[in-house]
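>>> Pasting the sequence and the predicted model now:
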Amino acid sequence: MDDRKLAFFTAIEDQGGVIVKETPKFDLDLYIQNYKGRTRFERLLHIGRSSVPLCVDALKAAVQEAKAGSDILRYQMAVNSLYQAAPNEPEALLDQAWMESKDKENRDTTAHLQAELQGYKNNLIKESIRMGNEDLGKHYEAIGDVEAAMDSFWKMRPDVSSTEQLVDIGKLLVRVAIERRDWKSVSNHLSKHVNSGNDSDPKAKALKTYSMIANGIAALGQERYKEAAFFFVEASAGVPSEVYNQIASPNDVAIYGGLLALATMDRHELQANLLDNDSFREFLQREPHIRRAITQFVNGRYAACIEILESYRPDYLLDIYLQKHVPKLYADIRTKSIVQYLKPFSCVRLETMQKAFNGPGPLIEDELFTMIKDGKLSARIDAINKSITPISTDSRQQMQSYALQTFANYEKQALDRIRRMNIMAADLEVKGSRKPGGMNDIPYSMATDGTASLA
């Protein structure tokens, strides 16, 4: 790594950024082809500012992507980052002529669309007003003014004339909210505007898949991992990727769903919801290593599962939605694996645990101690004999305690009822005041001979 690139990544690391020094397994060109729209630039810039091996290639691609659009600020961000990392690259210099020309074009387009919309409002043509707001909102989104885009898309609501138009508005609002990382708004817009309806209809099925993926990304952003896992698992692999490739790819669905499920579901849930799920299994075919990791976990080969995931950690650290969650998810998967590994045994030597999970790395004894201290593992460590003994609950004792508690509750209820009966027999019951016109005011003879009418 040369001095300029070293200084570039040092500054990013000082700002709290994640730096990935290992080479990822994916090909950058093939990876970015899975996406459309503004997420392409986001992902390229993110990779360029995170991956040491792909830095220059990703930033050059980000510059080209920005220059193909209308967002001048994004172009400046990409060029400035490339200049700091590789100042000798031709793309590292700002194209002032392009910026001035694009800025003038953007201002002219904005003025034209605003004037056009005002004309529609003067003529009180609802459909034209809706389309005018949509065109203006898409223009604002293209030039990077997401707040104005959100406002324009929101103004379309009063002029909708069909459910399909309402759904289109919801998808536009969701797309902008995802770019803003406003996860609560994503969920709100999906619940208000995007209703999939009957799954047998291909359009409804496609809409449901879009909704599940967007909801999954929003839940992931809010660290609601198990909820997010179920959202991704419910996506349909039969829906074309063009329906949702502005926010994610089919490979992302497999990775997000698989990792989140491994971190939050037990072995039976993994088998039922992922491996036996025909639709999600098609997603897993795009990422066979995720399928292998899940299979290894379900079969009790926890060390092999962790080894597979660790080999792909650099790839996941370069994902714009997954990066900050990778350490927590991996830690949860590892904790689950250790707990499940110890379940069948009454005692395990620490040396065996070390070989199974850490190899020649740091001692696992410290990790086990931390897990016990945090209440994640119920076990005792024998420092003298270098072993760990799981503390298993006595199911027979639990059953006896439950039976005794049930009997005590029954005895208490029986005594309360006997006491109540004795109070009533002794006429010591406190009676409420009678309401005029109620049943208590009807003579007994009338109530028994049926002459009183309740009508």
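The structure has been received and is ready for your questions.

>>> where does the residue lying closest to Y35 once chain neighbours are set aside land in three-state SS?
Excluding the flanking residues, the one nearest Y35 by C-beta to C-beta, 6 or more residues apart in numbering is N245, at 5.6 Å. C-beta here means a position set from N, CA and C on the backbone, and glycine is covered the same way. Put simply, N245 is coil when judged by DSSP: H, G, I helix; E, B strand; the rest coil.

>>> N245: what's it in contact with?
Contacts for N245 (C-beta atoms under 8 Å, 6 or more residues apart in numbering) come out as 34-37.

>>> next one: phi and psi at it?
According to degrees, to the nearest 10, the main-chain angles of N245 amount to phi -70, psi 0.

>>> Report the separation between it and Y210.
10 Å (C-beta to C-beta, to the nearest Å).

>>> Likewise for E411?
Counting by C-beta to C-beta, the gap from E411 to Y210 is 58 Å.

>>> Compare the two (neighbour count), which wins?
Using other C-beta atoms under 10 Å as the criterion, E411 and Y210 rank with Y210 on top: 24 against 10.

>>> Could you check how far the more buried one is from A115?
Y210 is 34 Å from A115, where distance means C-beta to C-beta.

>>> and F297, what element?
helix 288-298 (DSSP states H and E).

>>> what residues does the next helix or strand after that helix touch?
Moving toward the C-terminus from helix 288-298, the next helix or strand (DSSP H and E) is helix 302-311. Around helix 302-311, the neighbours that count as contacts under C-beta under 8 Å, 6+ apart are 25, 259, 262, 289, 292-294, 296-297, 330, 333-334, 337-338, 340-341, 356-357.

>>> Export only the CA atoms of helix 302-311, formatted as PDB.
Presented in PDB, the C-alpha positions along helix 302-311 are these (Å, rounded to 0.1, in the frame of the first residue of the first chain):
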ATOM      1  CA  TYR A 302     -20.600 -25.800  14.200                       C
ATOM      2  CA  ALA A 303     -16.900 -25.300  13.700                       C
ATOM      3  CA  ALA A 304     -17.300 -26.000  10.000                       C
ATOM      4  CA  CYS A 305     -20.200 -23.500   9.800                       C
ATOM      5  CA  ILE A 306     -18.100 -20.800  11.500                       C
ATOM      6  CA  GLU A 307     -15.100 -21.500   9.200                       C
ATOM      7  CA  ILE A 308     -17.300 -21.000   6.100                       C
ATOM      8  CA  LEU A 309     -18.700 -17.700   7.400                       C
ATOM      9  CA  GLU A 310     -15.300 -16.400   8.400                       C
ATOM     10  CA  SER A 311     -13.900 -17.000   4.900                       C
END
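
>>> report the angle between the axes of that helix and helix 288-298?
Interaxial angle of helix 302-311 relative to helix 288-298 (axes from the mean of the first three to the mean of the last three C-alpha atoms, to 10 degrees): 160 degrees.

>>> Now do helix 302-311, average pLDDT.
For helix 302-311, mean pLDDT rounds to 91.

>>> mind listing what's buried in it?
For helix 302-311, burial by neighbour count (16 or more other C-beta atoms under 10 Å) applies to 302-306, 308-309.

>>> Then stretch 94-111?
Buried residues in stretch 94-111, counted by 16+ other C-beta under 10 Å: 102, 106, 109-110.

>>> Stretch 340-354 now?
Buried, per 16+ other C-beta under 10 Å, within stretch 340-354: 341-342, 348, 350, 353-354.

>>> What of stretch 308-327?
308-309, 312, 314-323, 325-326.

>>> and which of the buried residues of helix 302-311 is nearest V186?
Proximity of these to V186 was ranked by C-beta to C-beta; the top entry is L309 with 27.3 Å.

>>> hang on, the earlier thing: inside helices: which ones of the buried residues of stretch 308-327?
308-309, 314-316, 326 (DSSP state H).

>>> Just give me the closest of the residues you listed to S81.
P314 (19.8 Å).

>>> Give the helix, strand or coil label for the closest residue to that closest one other than its chain neighbours.
Nearest non-adjacent residue to P314, counting by C-beta to C-beta, 6+ apart: E22, 4.1 Å away. Of the three states, E22 takes coil under three-state DSSP.

>>> got the contact list for E22?
So E22 contacts 53, 313-314 (C-beta under 8 Å, 6+ apart).

>>> at 10 Å what do you get?
Residues near E22 by C-beta atoms under 10 Å, 6 or more residues apart in numbering: 51-53, 311, 313-315, 317.

>>> Which of the buried residues of stretch 94-111 fall in helices?
Among these, DSSP H puts 102, 106, 109-110 in helices.

>>> picking that back up, between the buried residues of stretch 308-327, which is nearest S162?
Within these, proximity to S162 (C-beta to C-beta) peaks at Y321, which comes in at 32.2 Å.

>>> hang on, isn't the closest one packed against S249?
No. At 11.6 Å, Y321 does not count as touching S249 under the criterion of C-beta atoms under 10 Å.

>>> shared neighbours of these two, anything?
39, 43.

>>> circling back: tell me what the helix holding F297 is packed against?
Applying 3 or more C-beta pairs under 10 Å, 6 or more residues apart in numbering; DSSP states H and E, one finds that helix 288-298 contacts helix 250-264, helix 267-270, helix 278-286, helix 302-311, helix 326-342.
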